[in-house]
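In: Sequence and predicted structure are below.
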Amino acid sequence: MKIVHITTGYNHGGAAIACKRLVEAQRNIGIDANIITQEPGTHPAYVYSTTKSIFKEKINFFYHAWEKFIFLFYEKSKLIRFQFSIGNKGQNFKNNKLIKDADIIHFHWFNAGFVSLKKFAQIVKTGKPIVWTLHDMWGLTGGCHYSGSCNNYQNKCGNCDYLKNPGLNDLSTKIYRKKQIIYSTGKLYFIAPSNWLAECARQSSLLKNLPIIVIPNTVPIIEIKESQKEIRQELGLPIDKKLILFGAFNINHKRKGASFLIDSLSKISESENLELLVFGKKSEAFSGMKFKTYFMGYSSDEKFIRKIYKAADVFVSPSTEETFGLTVAEALSVGTPAVSFNRTGVVDIIDHKKNGFLAEYKNSNQLVEGILWCLENNKDGDLSRNAIQKVDSKFSYSIVGKQFETFYKTILNAKS
């Protein structure tokens, strides 16, 4: 079978990394899987970039900028500018050979001027099975990537909190209707990487009557031979402190929950001998803390990131919305227990008091309890062993790759 995956990015962003890993997993078991991406650069032979020149890079930038320019007339605040996409600009895939030859077209994340809703509709109309892995909520809303406390996506959107002039027939409603028409014209299958997101999708008025399947993202097992002490010495970190790790591609996003972590740390006594380790874009939110903080930046080097995870004693992910929880699974993959809230996609990853701790949703006091519990209860390494075993048994390349192979065969047999 021939599968073509479509994703805006290849090396940058959670959806891009999830797609990249999935294709590696599929190719490992003999599936002819390829990628179409907008991201330029030197990629493996099975990755086709639509950006072959500086001129094309400028066109990509223009498409993305034009989409955001149009949204300027609707946005409630510049703070949410990149949290809502209208999907009005995109490339033409009409003559793309990979799409023509594919048995299944698998979409991941295609905003930022890569695939417009109009171009997506054209691909849907080819009659080929369309699979869409939901790496955020955009596929089931009228434009926002995460709905926050709003449940309007359960009833045709409208009265959108992201818009300065919300109403029953606002921009979110119009985008919703476009998606509704597109979804009715072909055979679409939606993949949710967590049960939490699947439930959101089943409650949405756009997707409730369409197939929604739960298959998790895959996490490669990367062996780190160095001990925690050796890694800390290599990275210039203290060997006599308990290190709490927090990180994401963009830790400044409100939904990543940095404010909950900061509030939690303010309640921990300095006598606990703790220090904080952070990776991702640097944030001023952590300035002036009573615990010393080490900023490790952002890197696409997976081995380096795994070393950061292993250097820590506990990883904290206080996200309020998380479709899967890739960073949590990555931390567990090297044996670092994790603490998070008992909602969103991380519930499928953390087994409470077995490989980490699930705190009550948005409860900073319970985050404190979870952090201290993990630090106290991993002295014999049981949490670490359980963590590695969970990732190996649920999210490894072989496990997830075979799940998709079975799923693909099912929809191809249904087609025939």
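Out: Noted; the coordinates are in hand. Numbering: from 1, shown residues only.

In: Tell me where the chain has strands.
Out: Taking DSSP state E, the strands of the chain run over residues 2-7, 32-37, 47-49, 104-107, 130-133, 188-192, 212-214, 242-247, 274-279, 293-295, 314-317, 338-341, 356-359.

In: With adjacent residues omitted, what lies nearest to Leu22?
Out: Of all residues beyond its chain neighbours, the one nearest Leu22 is Thr218 (5.8 Å), with distances taken as CB to CB, 6 or more residues apart in numbering. Every residue, glycine included, has its C-beta placed from N, CA and C.

In: show me what contacts the one you found?
Out: Under the criterion of CB atoms under 8 Å, 6 or more residues apart in numbering, the contact partners of Thr218 comprise Ala18, Arg21, Leu22, Ala25, Phe395, Ser396, Tyr397, Ile399, Val400, Gly401.

In: do His64 as well
Out: Under the criterion of CB under 8 Å, 6+ apart, the contact partners of His64 comprise Lys89, Ala112, Gly113.

In: In CSV: those residues, plus neighbour count, pLDDT and distance to Gln83.
Out: Shown next, in CSV, are the contacts of His64 (neighbours: other CB atoms under 10 Å; pLDDT from 0 to 100; distance: CB to CB, whole Å):
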residue, neighbour count, pLDDT, distance to Gln83
Lys89, 24, 92, 18
Ala112, 20, 92, 13
Gly113, 24, 93, 16
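
In: got those as CSV, with distance to Gly14 columns?
Out: Converted to CSV, these look like this (distance: CB to CB, whole Å):
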residue, distance to Gly14
Lys89, 23
Ala112, 14
Gly113, 19
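
In: of all those, which comes closest to Ala338?
Out: Proximity of these to Ala338 (CB to CB) peaks at Ala112, which lies at 29.7 Å.

In: domain parsing for this structure?
Out: As given by automatic domain parsing, the domain ranges for the chain are 2-218+397-415, 228-394.

In: First-to-last residue distance for the last one?
Out: In domain 228-394, first residue to last residue: 25 Å (CA to CA, to the nearest Å).

In: do stretch 88-101 as well
Out: Using CA to CA, the end-to-end distance of stretch 88-101 comes to 26 Å.

In: Check the gap between the residue nearest to Leu22 and Ala25 for me.
Out: Spatial separation of Thr218 from Ala25 under the definition CB to CB, to the nearest Å is 5 Å.

In: same check, this time on Lys208
Out: The gap separating Lys208 from Ala25 is 30 Å, by CB to CB.

In: Settle it for me: which of these two has more neighbours?
Out: When Lys208 and Ala25 are compared for neighbours, Ala25 comes out ahead with 25 against 12, by other CB atoms under 10 Å.

In: any idea of the pLDDT on the more buried one?
Out: Per-residue pLDDT puts Ala25 at 97.

In: mind listing what it touches?
Out: With CB under 8 Å, 6+ apart as the criterion, the residues that contact Ala25 are Thr218, Tyr397, Ser398, Val400, Gly401, Phe404.

In: cool, Gly142 as well?
Out: So Gly142 contacts 152-153, 156-158, 160, 171-176, 179 (CB under 8 Å, 6+ apart).

In: Go through those and flag which are in helices.
Out: Secondary structure assignment (DSSP state H) places Leu171, Ser172, Thr173, Lys174, Ile175, Tyr176, Lys179 from those within helices.

In: ok, the first one touching Asn159?
Out: No. Under the criterion of CB atoms under 8 Å, Leu171 makes no contact with Asn159, lying 11.2 Å away.

In: More neighbours: which of the two?
Out: Under the criterion of other CB under 10 Å, the comparison of Leu171 against Asn159 puts Leu171 first, with 24 against 14.

In: how about that one, what does it touch?
Out: For Leu171, the contacting residues are Tyr74, Ile86, Gly142, Gly143, Cys160, Leu163, taking CB under 8 Å, 6+ apart as the criterion.

In: For my notes, please list these in JSON lines and give distance to Asp263 and pLDDT for each entry.
Out: Supplementary listing: the contacts of Leu171 in JSON lines, determined by distance: CB to CB, whole Å; pLDDT from 0 to 100:
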{"residue": "Tyr74", "distance to Asp263": "33", "pLDDT": "96"}
{"residue": "Ile86", "distance to Asp263": "35", "pLDDT": "96"}
{"residue": "Gly142", "distance to Asp263": "33", "pLDDT": "97"}
{"residue": "Gly143", "distance to Asp263": "31", "pLDDT": "97"}
{"residue": "Cys160", "distance to Asp263": "29", "pLDDT": "97"}
{"residue": "Leu163", "distance to Asp263": "30", "pLDDT": "97"}
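
In: Nearest to Leu245, out of those: which one, please.
Out: Gly143 (33.4 Å).

In: Pull up the gap between the closest one and Ser384, please.
Out: Separation of Gly143 from Ser384 (CB to CB): 42 Å.

In: More neighbours: these two, which one.
Out: Gly143 (25 against 18).

In: Isn't that one up against Gln83?
Out: No. The criterion here is CB under 8 Å, and Gly143 misses it with Gln83 at 9.3 Å.

In: Quick check: neighbours shared by these two?
Out: With the criterion set as CB under 8 Å, 6+ apart, the overlap between the contacts of Gly143 and Gln83 is Tyr162.

In: Distance of the nearest residue to Glu24 once chain neighbours are set aside relative to Arg177?
Out: For Glu24, the nearest residue in space outside its immediate sequence neighbours is Tyr397; the separation is 6.7 Å by CB to CB, 6+ apart. As defined by CB to CB, Tyr397 lies at a distance of 39 Å from Arg177.

In: before we move on, what about Lys290?
Out: Between Lys290 and Arg177 the computed distance is 52 Å (CB to CB).

In: got it, and Leu277?
Out: According to CB to CB, Leu277 stands 46 Å off from Arg177.

In: ok, the two, which is more surrounded?
Out: Higher neighbour count among Leu277 and Arg177: Leu277, with 24 against 15, using other CB under 10 Å.

In: who touches the more buried one in this structure?
Out: Applying CB under 8 Å, 6+ apart, we find Leu277 in contact with Leu237, Leu243, Ile244, Leu245, Phe246, Gly247, Thr293, Tyr294, Met296, Ile308, Ala311, Ala312.

In: repeat that with 6 Å
Out: Applying CB atoms under 6 Å, 6 or more residues apart in numbering, one finds that Leu277 lies in contact with Leu243, Leu245, Tyr294, Ala312.
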